[in-house]
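S.K.: Below is the sequence, then the predicted model.
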Amino acid sequence: MHPVENRIEPTLLRRINERRLLEVIQQQGPSSRASLTRASGMTAPTVSKAVESLLKRGLVEEMEPIDQILGRPGRLLCMAARSAAVIGVVIESDRCCLVSSGLDGRFLESQTRRCVTPSSYDALLDVIEFHCRDLIGVLQGTVQGIGISVPGLVNERLREITVSPNLHLLDKRNPARDLEKRLSIQCLLFQETEALCLSEQLYGEARGRPDFAMLDVSTGLGLGVMSGGRLLTGHSGLAGELGHITIDPNGMECGCGNRGCLETLATDAALARLISEKIGRSIGIDEALEIIQSGRVDVDDEIKKVSQYLSIAIAAVINIFNPTTLFVYGGLLSSSPETLQNVVTQVEQRALAPSMADCRIVVARGSKRQGAIAGMIHHLTHAWAPSIR
Ligand SMILES: [Zn+2]
């Protein structure tokens, strides 16, 4: 009789092969067994066995090729979309959004539910549970997990949101744990910038890039850094909180309790506040961006001010982390090519020339919805086996 230890290794190896195939399918889309064999560098029998196991586990599905060619084309393998599903939940300071997708990460507007963020934690859980049940009711596939994207500092050791400067009702809470109790479905918490990073890596321009950074400058200022293919987490998962470094010691109070944090100066929210002061009425980010687009109020000074601090933030990330690509997620940079060019020019003046030469600054095209889904799908494939590349 073989000792148990001897049987663990082949199981792990088998799973690592399966994970490799999942990565190939995620990167190149629906693939024949022959193309999986070519792309993975594994033998045809190994691929065949791994595919059978993934089919059995429900992570992939077979589909007919779209272009039927002469002869008998092999069926294609794709990430499971009919039999399996995930739900992404995005909690933001002013609104929440829920969306369902298959394991291919694709979703439709009709699969999206939106609501205003309630003012109490219990009401927040109620509304998320309600919309989850609604989505589950119309889904064909089995929901394999729910990814929840949250703002703030997620302490992975304590498994809670330590503090959420722009949504304090989440302080010391874990909505994933609480929702899991209500729905009996695996739920996981993702810091929103981390989720955006995973989304860009799985579905966006960062595919195959091991070193990139994601700077979220929408409501708060969050930073996710992918270094050598791994998310930089620090001891408790709190790394990357660039938003709360002090820029103006006498500046306005930040949600974290300090004054003059970078977050209060370099974000879409900061811009909305400056425009609110100018027009004498409190407006949100969407309205601020709409004012910029329409040109009905002259807000050039406000844009200039926020752009300056934004370039300081971007230059700091480039100097410290030396990424090959820096994705910036936020409305100001997407508002016009001129604003983007203006910020890039300022960053070029501030960042160290050799680090700047390595880095492209790109406006992030993903969404927090895609992020919450990507986080869950990443977990499902990662839980199956680690990637060894
Ligand atoms: Zn702060």
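M.R.: All right, it came through fine.
S.K.: what's near enough to touch Val299?
M.R.: 274-275, 278, 291-292 (Cβ atoms under 8 Å, 6 or more residues apart in numbering). For every residue, glycine as well, the C-beta is placed using N, CA and C.
S.K.: Now list the buried members of the residues you listed.
M.R.: Restricting the contacts of Val299 to buried positions leaves 274-275, 291-292, with burial counted as 16 or more other Cβ atoms under 10 Å.
S.K.: neighbours around Ala357, how many?
M.R.: By other Cβ atoms under 10 Å, the residues close to Ala357 number 9.
S.K.: cool, the one 4 residues further on as well?
M.R.: For Ile361, the number of neighbouring residues by other Cβ under 10 Å comes to 22.
S.K.: Which elements pack onto the helix or strand where it lies?
M.R.: If you go by DSSP states H and E, Ile361 is part of strand 360-363. Secondary-structure packing of strand 360-363 (3 or more Cβ pairs under 8 Å, 6 or more residues apart in numbering; DSSP states H and E): strand 325-329, helix 337-350.
S.K.: Quick check: next helix or strand after that strand?
M.R.: Per DSSP H and E, the first helix or strand lying C-terminal to strand 360-363 is helix 368-384.
S.K.: Averaged pLDDT, stretch 373-386. What do you get?
M.R.: Stretch 373-386 shows an average pLDDT of 87 in the prediction.
S.K.: I misspoke; the intended subject was stretch 62-71.
M.R.: Across stretch 62-71, the average pLDDT comes to 71.
S.K.: What of stretch 331-350?
M.R.: Mean predicted lDDT for stretch 331-350 stands at 94.
S.K.: Contacts for it, please.
M.R.: Residues from elsewhere that reach stretch 331-350 (Cβ under 8 Å, 6+ apart): 217-218, 268, 271, 285, 288-289, 292-293, 303, 306-308, 310-312, 314-315, 318, 356, 361, 363.
S.K.: of all the helices and strands packed on strand 360-363, which lies closest to the ion?
M.R.: Closest to the ion of these, according to Cβ to the ion: strand 325-329, at 18.6 Å.
S.K.: what are the C-alpha coordinates of the helix or strand where Arg38 lies, in PDB please?
M.R.: Using DSSP H and E, Arg38 sits within helix 33-40. The C-alpha trace of helix 33-40 is given here as PDB (Å, rounded to 0.1, in the frame of the first residue of the first chain):
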ATOM      1  CA  ARG A  33      -8.500  20.400 -27.800                       C
ATOM      2  CA  ALA A  34      -5.900  20.600 -30.600                       C
ATOM      3  CA  SER A  35      -5.400  24.300 -30.000                       C
ATOM      4  CA  LEU A  36      -5.200  23.700 -26.200                       C
ATOM      5  CA  THR A  37      -2.500  21.100 -26.800                       C
ATOM      6  CA  ARG A  38      -0.500  23.600 -28.900                       C
ATOM      7  CA  ALA A  39      -0.900  26.500 -26.600                       C
ATOM      8  CA  SER A  40      -0.300  24.700 -23.300                       C
END
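S.K.: moving C-terminal of it, what's the next helix or strand?
M.R.: Following helix 33-40 in sequence order, the next helix or strand is helix 44-57 (DSSP H and E).
S.K.: can you give me how far the next helix or strand after that next one is from the chain middle?
M.R.: Using DSSP H and E, the helix or strand that directly follows helix 44-57 along the chain is strand 60-63. The chain centre lies 25 Å from the centre of strand 60-63; the measure is Cα atoms, centre = their mean, to the nearest Å.
S.K.: Now do the same contact list for Val90.
M.R.: Val90 is in contact with 96-99, 148-149, 192, 368-369, 371-372, counting by Cβ under 8 Å, 6+ apart.
S.K.: right, and out of those residues, which lies closest to the ion?
M.R.: Checking the contacts of Val90 against the ion with Cβ to the ion, the nearest one is Glu192 at 16.0 Å.
S.K.: Run through the residues that contact Ile275.
M.R.: 283, 288, 291, 297, 299, 302.
S.K.: Same list (those residues) but as CSV, adding distance to Ser164.
M.R.: Below are the contacts of Ile275 laid out as CSV (distance: Cβ to Cβ, whole Å):
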residue, distance to Ser164
Ile283, 22
Ala288, 22
Ile291, 28
Val297, 31
Val299, 29
Glu302, 26
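S.K.: Would you mind giving those residues as JSON lines with pLDDT added?
M.R.: Listed next are the contacts of Ile275 as JSON lines, based on pLDDT from 0 to 100:
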{"residue": "Ile283", "pLDDT": "96"}
{"residue": "Ala288", "pLDDT": "95"}
{"residue": "Ile291", "pLDDT": "95"}
{"residue": "Val297", "pLDDT": "94"}
{"residue": "Val299", "pLDDT": "95"}
{"residue": "Glu302", "pLDDT": "96"}
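S.K.: if we can go back for a sec, what's the most buried one of the helices and strands packed on strand 360-363?
M.R.: Most buried of the helices and strands packed on strand 360-363, by mean neighbour count (mean count of other Cβ atoms under 10 Å): strand 325-329, with a mean of 24.
S.K.: In the protein, where is pLDDT below threshold?
M.R.: The model of the chain has pLDDT under 70 over residues 1-9, 66-73, 386, 388-389.
S.K.: Figure out how far stretch 205-213 is from the centre of its chain.
M.R.: Distance of stretch 205-213 from the chain centroid (Cα atoms, centre = their mean) equals 13 Å.
S.K.: go on, stretch 78-90?
M.R.: With Cα atoms, centre = their mean, you get 16 Å for stretch 78-90.
S.K.: So which bits of it are buried?
M.R.: Buried, per 16+ other Cβ under 10 Å, within stretch 78-90: 78-81, 83-90.
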